[in-house]
Structure formats: structure tokens, C-alpha cells
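In: Provided below for reference: sequence and predicted model.
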Protein chains: 2
Amino acid sequence: MSQGLAALKSQQACEILKELDVDCWLVWVRETMQMRDPSLELVLGTDVIAQTALLFTREGERIAVAQEHDAAGFPSGLFDRTIPYRTGIAEPLRRELSRLDPAQIALNYSVDNDAADGLSVGMLELLRQILDRTGYPNRFVSAGPLVERLRGRKLPEEVDRIRTAVSITERIFADLRVFLRVGQTEQEIAEYVRARMHELNVSPSWDPSYCPAVDAGPDKEFGHAGPTGLRTRAGQLLHFDFGVKADGFCADLQRMFFFGRRSEIPAEVQRAFDTVRGAIDAASAFLRPGRTGHEVDAVARAHITAAGYEEYAHGLGHQIGRFAHDGGMRLAPTWELFGRRPFGVVEQGNVFTIEPNAGTSSYGRVSLEEDVLVTPDGCRFLSTPQRELICLE
Amino acid sequence: MSQGLAALKSQQACEILKELDVDCWLVWVRETMQMRDPSLELVLGTDVIAQTALLFTREGERIAVAQEHDAAGFPSGLFDRTIPYRTGIAEPLRRELSRLDPAQIALNYSVDNDAADGLSVGMLELLRQILDRTGYPNRFVSAGPLVERLRGRKLPEEVDRIRTAVSITERIFADLRVFLRVGQTEQEIAEYVRARMHELNVSPSWDPSYCPAVDAGPDKEFGHAGPTGLRTRAGQLLHFDFGVKADGFCADLQRMFFFGRRSEIPAEVQRAFDTVRGAIDAASAFLRPGRTGHEVDAVARAHITAAGYEEYAHGLGHQIGRFAHDGGMRLAPTWELFGRRPFGVVEQGNVFTIEPNAGTSSYGRVSLEEDVLVTPDGCRFLSTPQRELICLE
């Protein structure tokens, strides 16, 4: 994890505090090997064991109150002041808050934005106990809007790393063109992908049990079921949902292969492919700063249903970054499941997936996924969009 | 992650509910790639994306309410009933709770036990919203005592996996005997350890920036500072704090090397070594079911201070398991930092580290760490205890 990037992100956090008119952000964590507040990686980049308070102010001050063993591992220069303690954090933390006396203390809780919801119930209670008989618990506010912007507005350094992850993922797809044969099982194919990740020293972007997801032929339900003993067959499709994490950042792509000549592609498969491709084109043409998430989703969804297909049973896309699902607003319909996230507004520097699909009657589902960066007046593909089925004769 | 082990641990959870006289345990999670409730790995073993409710009852019933894409990836046979939803969990969750109508609903929050504190503030609020106008929020209780026992009481299958992780860690220490030379930097040595982990297909037990911790000579402060450019020197010590995670379980060991012949070991180094060794022997002889954590810590601490050394600035030991610091009670003094954890009681099947240290005036610190399993009437070493300095001539 890069200390340089953590310094840049914590500067960015202070600027967003100013923009939001909030005095102070408190990242309040412990034993982060067991459970890591998603914000920690952004602004520190190392784990801590004992109770740790990271304070960021609208004036740009960055302060850490940490147990001495943890503090010894902090990157130098990341904090203006590091206050080490040995046996208890209560007294130094109270002292530091008194000095700052912030009118608002933003904490990482949010009903809707999972990436801004890193504070545990027990840690909030512990903080209340520590600050008992001070007025500070009345000044707690949600850090949701701060974290949404901080994660969502990718710095050029972050976009570069996502681009690298996308390019390594695409390299493995290129290798697969050579490796793939009729008669291989999904498990064999996944094993090859895992070996390539190991050789290239990258890890899967999500749970290794379904990264890569490998779906051979019409009988496999797409989703989080891992690779099975199903085999690739002539005249049938092969689907991948896969991305690598490189240098801390994730890619997330879906690609479709066809076992046969281009002339042998069944008409209903080609029509589904063209429809999905068209939905991605329509959504990416519409995507730009100021759009709300559900508006963008609706453009692709309408394209799919207008062609006579059933609508896809998930959102059109999510942000990517340090996680394959990087928190905050989504390109998704206003289902209960998504809470307030589809009402979020697209900003410059956001990186999204776009991943609609369409079903066929005899060949399973056709599903593609691209990664795009939002620019001042539109969006740019970070992946090389799949424009036709990859035919393997 | 093993489905078999998740099934065994969820059976164990139901038995502990009965023992604690609690009707139901609810593991309530979302987007676990971003932040994973530490309990999830025990009873499911895969990540989920959408809101998911895992319910375990004292009658032994295991129920999952999950979004259909997540549910498709659940190991078969793990749940008696899996209730999939597409757009919203509120209605199926309310229905399932009405059917069970539990008198207590244990949730993963705890001020003191970090491993039992996997519920986020936003998720608790969301659950309250979903259960608004039902009586269920009044039935919430802390799952702290349940999770403490579930994590702490290792099944034979879990002990076997820890033993494997310990043995691979010891193998890498054996390789180091051959690799180590005077004049190597800490960074070079850490690089070798990382390459061995890669070859053996295991990962570091904790943050890779200080796993291994490599400390050459008297000038390096032990702790979470990573390997530096400091070099090994003749007549000086080399210290490691290191463990691998294999098949989901962690080892955590400290070992000391000396560059020179056995006859050249300075007297104050040998005396510190013997004192630390003696403290481990005393603590392990004392450790047995029924002891409280701070009692065990005190035995080792007294051994160190009675020999004239300053007391070590941390706890004597912690549990290991799926994490290098596996939650729950600790062998530690009653410092504010440790909350209620030192008051916890040792149980059969617990696995602890024992890791005291003692300082020298000219050679830095001598620190050893062993891993032990609590038996019905004492404890057994899972590691082969270091009984003398490893001399490299």
C-alpha cells in the first residue's frame, strides 16, 4: 500500500470537509485485521491492533492517537502529529478533541452507503463511554457524504492503478484465447486463470471461490456459483466474470467466447449480443456528471426491454476502486435492496462498471461488462470494449 | 474455505445458544468484501453482496435469507432453509422472524470483544427500520458471549489447521538457518521469507508490511515497523515475529538468531534469553481451564520483573485462529486498553500465543513466542519451543 497515495487521499479528505462545512472527521478503529473500516486503507494503508483515532480537520490538520506499537508502524510524514499511548486511549483522545473543539465530528456510519459504514456498534458505544460527560457525542454526524466523495472522486494516481488492473485482466483474457478448447471443465479453466494470476503476482478482485466466475453453456446460472464440472461444448457460449486486483486496485470485466466459426453463431445469440452491446453504448453515451444513478440504469434497462428481453435482475453498474464494489452511489434501479444509492449523482472521476445482460432461449445468457471513467463531459472506457463474440474454432 | 468446517461451526453455534439460554443468533451483513463481520467466515465461508440474514436457533435450525445471486453461491447443505429474494429483504426477514418468534435475538456487537463486534452502526439502524413496529428490536442482545465461545473453543479440525500453519512457519525458520548471513539487510531477509511463502502457497498471518517483522541488532525497536536497511552483524542478535496463514488458519511465532558461536553469546543476552524462556515455561505450566487471562499474564510478568527486567509493554498472549489475533479473552494485564478481555476465563480448546520479552543494555530486546493449545488439565505446545539461541557462525 502506498504511503504517497494515503497522504494524497487524506489531503483530499480535508478539502472535502471544507466543502461540506464539517469541522472534523474521526476514523475510530481497532483490530483491523479482523474487521477493517473501508476508509482505513484510503488514509492510512496499514492495519492497527489497539484502539486508534485518526482525526482530519477542515483546516488540513491530520492527527493520529495510537498505541505505541501501532504508531511505530505508521508511515512517516502522513500525520502532522502522532500521539502515542501505552495503556489507554481515553485521556489523550479527550485532550486532543478538547484542543480541536470541533462543532461536528463525522463518524463512519451510514444506513445506505456500506463503504461509509465502517464503525461498529461496540466501538461507537466505547467512544460514547470515553466521551461521557463531554458534549462531544452530541456533535456526531454521519461521514457518509464525505466518504462518498472521497472514494468516488478518483485521483489520477488511482485511475492509473485501475487501468493497470484492467490491462492485466485483459492480458489474461488474451491468454485464454490460446488456452481454451472444447471439452474443458469450468474448474480446469478457472485453475488456469488462478495460475496466471499467481505468475503475474496479482490477486482476484473478489471472493476467489467465484473470481473468476466461469460459465460454460446454457445450463449454468450466472452469479456467485463457482466453477463446476460443466464442460465447454462446440456451438455453445462460455462466459467469464473476472478481474484482478493489482497494487491495491480492482478491475471487473465480463467477456463472452463462442466455440465455433463466426458464421456458426446462432442468430438469437448474435441478437442478444448486439442488444447488450447496444445497451452499454447507450448507457455510456448518457453517462456524465450530474446524472443520477437510476437514470443511467434506466437507459440501459429500456434498451434491453425494448428489444423484447426480460430486464436484468441486478443493477447496471457499480463503482470500482480498492474494492470490486467500491462504495457509494450506484447505477441501479430504485429497489429496496439498493437503499438511497441509486439517487446519488455521478461526478467527474467516478469509475463505474456497465454490465447489462440478455437471455436467449437455448444458449443461456449473454452478459458483458466494461469499466469506464467519468470525464468532465461524458465518460471514457478504461477497458477495450468487447465488440464481437470471441470465436474459438 | 471449507464448507464442512462452516457446517460444524454452525452446529457448535446452535449448541452454545442452548448453553447460554438464548433463542436465536442473527448474523446481519452486506458487502462483505468491503468489511467482513469476523463471524461470517466461521459460519458461511463466502462473501455476500446484498443484505443477508443468517439465523441460527437453539433448536439447531439454520436459515439464510439472501439475495438470489448471493444465495446461488452458498454451499449446499449448510442451511436447512435458504430464502432467496430479488429486490428487498425486509418482507422475507420479517416473515421468518415472526415464524421463529425468538425471545432473544443475539447480534454481533460488543464493546470489549472485537471479534464479536462485526455489526456496523448503519446496519443496526437498517435492521431497526426494517423491524419498525414489531417488538423485535427490544429483544436484541449482544452475541458477545456466544462468539467468544464459538471462536475460542477450537474443534479438532481447526487445531489441525493451526498445527499445519505452525509447521509451515517452522519450516521457513529452518530454511532461514541456511539462508542467513552476516551483512544482509532486514529487507533482503524479508524478501526471502516472502518468496518462500509464495513457493509454499501460503500468505502472511497479518499485515504483509510487518509479517515477517525482521529486527537486526540493538538499534531496531520491535513492533509494527517493517523491515529496514539495517544489516545483520557478527556478535549481534536477529529477531523475527512471523507466521503464515494456511488453509484459513494462522500461526504466530517469534524466533531469535545469534551471529556467532554459542561460546560467544554475551552473558547478558543469555540471561535475558533464559529469563524469557523461563517466563514461557512458568506461564504454560500455570495455564489451564478456569484461569483468568490476567492471572496467566501476571505469572510471566512476575517472572520477568523478579529477574530485574522492566515489564513488557503489551499483553502476554492472545488467541490465534482464523486471525493472528483471534478475538475474545486475552492473557493480558487489566489495562484500559484491553477492556474486559483480561477478565475472561481460559477454556479447553483455546489456542494462545505466549510472548514475553526482556531487554538487554547493549544487544536490544530478547523476545520469543510460542503457540499452545489448552487441554482438559493444562496446555500443550503446538510449536516446538525455542530452547536456545540459534547460532549462525
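Out: Arrived safely, thanks for sending. Numbering: from 1, shown residues only, chains lettered A, B, ... in the order given.
In: name the element whichever residue of the stretch 101-250 of chain A sits closest to chain B belongs to?
Out: Residue of the stretch 101-250 of chain A nearest chain B, by Cβ to the nearest Cβ: residue A:224 (3.0 Å). C-beta: built from backbone N, CA, C; applies to glycine. Counting by DSSP states H and E, no helix or strand carries residue A:224.
In: not counting residues beside it along the chain, what's closest to it?
Out: The shortest distance from residue A:224 to any non-neighbouring residue, by Cβ to Cβ, 6 or more residues apart in numbering or on different chains, is to residue B:73 (3.0 Å).
In: neighbours around the residue of the stretch 101-250 of chain A closest to chain B, how many?
Out: 25 (other Cβ atoms under 10 Å in any protein chain shown).
In: that older thread, and the residue nearest to residue A:224, what does it touch?
Out: Residues in contact with residue B:73 (Cβ atoms under 8 Å, 6 or more residues apart in numbering or on different chains) are A:207, A:209, A:210, A:223, A:224, A:225, A:226, B:46.
In: repeat that for residue A:136.
Out: Going by Cβ under 8 Å, 6+ apart, residue A:136 touches A:97, A:105.
In: ok, now residue A:265?
Out: By Cβ under 8 Å, 6+ apart, the contact list for residue A:265 reads A:258, A:389, A:391.
In: so where does the first one fall, helix or strand?
Out: Residue A:258 belongs to strand A:253-259 when assigned by DSSP H and E.
In: and whichever helix or strand comes after that strand, what's buried?
Out: Using DSSP H and E, the helix or strand that follows strand A:253-259 in sequence is helix A:267-286. Of all the residues in helix A:267-286, those buried under the rule 16 or more other Cβ atoms under 10 Å in any protein chain shown are A:269-273, A:275-284, A:286.
In: so how far is residue A:210 from the residue lying closest to residue A:273 once chain neighbours are set aside?
Out: Here the nearest residue to residue A:273 in space, its sequence neighbours aside, is residue A:366; by Cβ to Cβ, 6+ apart that works out to 5.1 Å. Residue A:366 is 19 Å from residue A:210, where distance means Cβ to Cβ, to the nearest Å.
In: show me which of the two is the more surrounded one.
Out: In terms of neighbours (other Cβ under 10 Å), residue A:366 is the more surrounded of residue A:366 and residue A:210; the figures are 26 against 21.
In: from residue A:260, how far off is that one?
Out: Separation of residue A:366 from residue A:260 (Cβ to Cβ): 15 Å.
In: measure residue A:48 to residue B:27 for me?
Out: Distance from residue A:48 to residue B:27, by Cβ to Cβ: 25 Å.
In: and what of residue A:263?
Out: Distance, residue A:263 to residue B:27, using Cβ to Cβ: 52 Å.
In: tell me what the helix or strand harbouring residue A:198 is packed against?
Out: Residue A:198 belongs to helix A:186-200 when assigned by DSSP H and E. Contacts defined by 3 or more Cβ pairs under 8 Å, 6 or more residues apart in numbering or on different chains; DSSP states H and E place helix A:186-200 against helix A:156-179, strand A:203-204, strand A:213-216.
In: just list the residues touching the closest residue to chain B within the stretch 251-393 of chain A, thanks.
Out: Relative to chain B, the nearest point of the stretch 251-393 of chain A is residue A:336 (3.0 Å; Cβ to the nearest Cβ). Residues counted as contacts of residue A:336 (Cβ under 8 Å, 6+ apart) are B:87, B:88, B:89, B:90.
In: ok, for residue A:377, nearest residue in space, not its chain neighbours?
Out: Of all residues not flanking residue A:377 in the chain, residue A:288 sits nearest, at 6.1 Å (Cβ to Cβ, 6+ apart).
In: surely that neighbour meets residue A:347?
Out: No: with contact defined as Cβ atoms under 8 Å, residue A:288 does not reach residue A:347; the gap is 10.1 Å.
In: common neighbours of those two, please.
Out: Listed as contacting both residue A:288 and residue A:347 by Cβ under 8 Å, 6+ apart are residue A:374.
In: circling back: what about residue A:263 and residue B:27, which has more around it?
Out: Set residue A:263 next to residue B:27 and count neighbours by other Cβ under 10 Å: residue B:27 wins out with 25 against 6.
In: now do the buried residues in the helix or strand encompassing that one.
Out: Using DSSP H and E, residue B:27 sits within strand B:24-29. For strand B:24-29, burial by neighbour count (16+ other Cβ under 10 Å) applies to B:24, B:25, B:26, B:27, B:28, B:29.
In: gap between it and the chain center?
Out: Here the centre of strand B:24-29 is set off from its chain's centre by 22 Å, with Cα atoms, centre = their mean, to the nearest Å.
In: can you give the strand pairings for it, parallel or anti for each?
Out: Here strand B:24-29 is paired, per DSSP bridges, with strand B:52-57 (antiparallel), strand B:105-107 (parallel).
In: ok, residue A:352 touching residue A:372?
Out: Yes: counting by Cβ under 8 Å, residue A:352 touches residue A:372, with 5.6 Å between them.
In: got CSV for the contacts of residue B:73, with distance to residue A:129 and pLDDT too?
Out: Shown next, in CSV, are the contacts of residue B:73 (distance: Cβ to Cβ, whole Å; pLDDT from 0 to 100):
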residue, distance to residue A:129, pLDDT
A:207, 36, 90
A:209, 39, 89
A:210, 41, 92
A:223, 43, 75
A:224, 39, 76
A:225, 45, 78
A:226, 44, 88
B:46, 35, 90
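In: of those residues, just say which sits nearest to residue B:358.
Out: Of all the contacts of residue B:73, residue A:207 has the smallest distance to residue B:358: 43.7 Å, by Cβ to Cβ.
In: surely that closest one and residue B:44 touch.
Out: No: using Cβ under 8 Å, residue A:207 is not in contact with residue B:44, being 10.8 Å away.
In: centroid-wise, who is the farthest residue in chain A?
Out: Relative to the C-alpha centroid of chain A, counting by Cα atoms, centre = their mean, residue A:133 is the outermost residue, at 39.5 Å.
In: I am finished for the moment; much appreciated.
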